[in-house]
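Engineer: from the sequence below, what's the structure:
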Amino acid sequence: MFNKKEFEDIYQSIKNNQKDKAQKNLKLFREKYDLDPDYLYLMAEFLILEKRFYQAIDTIHVSLLVENDDRFLLKNNFKKSTQELINKKYNLLGDLFEIIDITELSKQAKNLNSPKDQVFFFKKLQKLMPGISFNK
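Structural biologist: Predicted structure coming up:
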């Protein structure tokens, strides 16, 4: 699992538009954490810096897939993201859907008021994007 300092360092690099530093750190942790849900969130944030919006959507989607696979998390010694970070993932999805002009999904993703609503939206997303998966 990512430690909080590693996560925050990369997150701040991304938010401060320090692409080279963020990319270097993401590469450093890729082999060990490539399917960690928190790493995937950071990767999606980085892809947004690169204006690779569709890849960012796919990456957040995979992060949520991993997030919802307790067996995979346990097998790889990953932990679920905090609820705060899960909320950020859905808000980020809403922002991305807005950027690519899918207004209805954007509104839905940004108005999830509970974990139950998030599960419902995630299942809807699975139906809309059935080709998104990860190698277990």
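Engineer: all contacts plus neighbour counts: C-alpha atoms, from now on.
Structural biologist: OK.
Engineer: what about the chain, any weak spots by pLDDT?
Structural biologist: Residues of the chain meeting the criterion pLDDT under 70: 1-2, 133-136.
Engineer: longest helix in it, please.
Structural biologist: Of all the segments of type helix in the chain, defined by DSSP state H, the longest one is helix 83-99.
Engineer: could you say what helices and strands it packs with?
Structural biologist: Packing contacts for helix 83-99, counted by 3 or more C-alpha pairs under 8 Å, 6 or more residues apart in numbering; DSSP states H and E, involve helix 53-67, helix 103-110.
Engineer: other SSEs contacting the first one?
Structural biologist: By that I understand helix 53-67. Using 3+ C-alpha pairs under 8 Å, 6+ apart as the contact test, the elements touching helix 53-67 are helix 37-49, helix 70-75, helix 83-99.
Engineer: ok so, going back, between helix 103-110 and the longest helix of the chain, find me the angle.
Structural biologist: Direction vectors for helix 83-99 and helix 103-110, defined by axes from the mean of the first three to the mean of the last three C-alpha atoms, to 10 degrees, enclose an angle of 170 degrees.
Engineer: quick check: buried residues in helix 83-99?
Structural biologist: Along helix 83-99, the positions that meet the burial threshold by neighbour count (16 or more other C-alpha atoms under 10 Å) are 86-87, 89-97.
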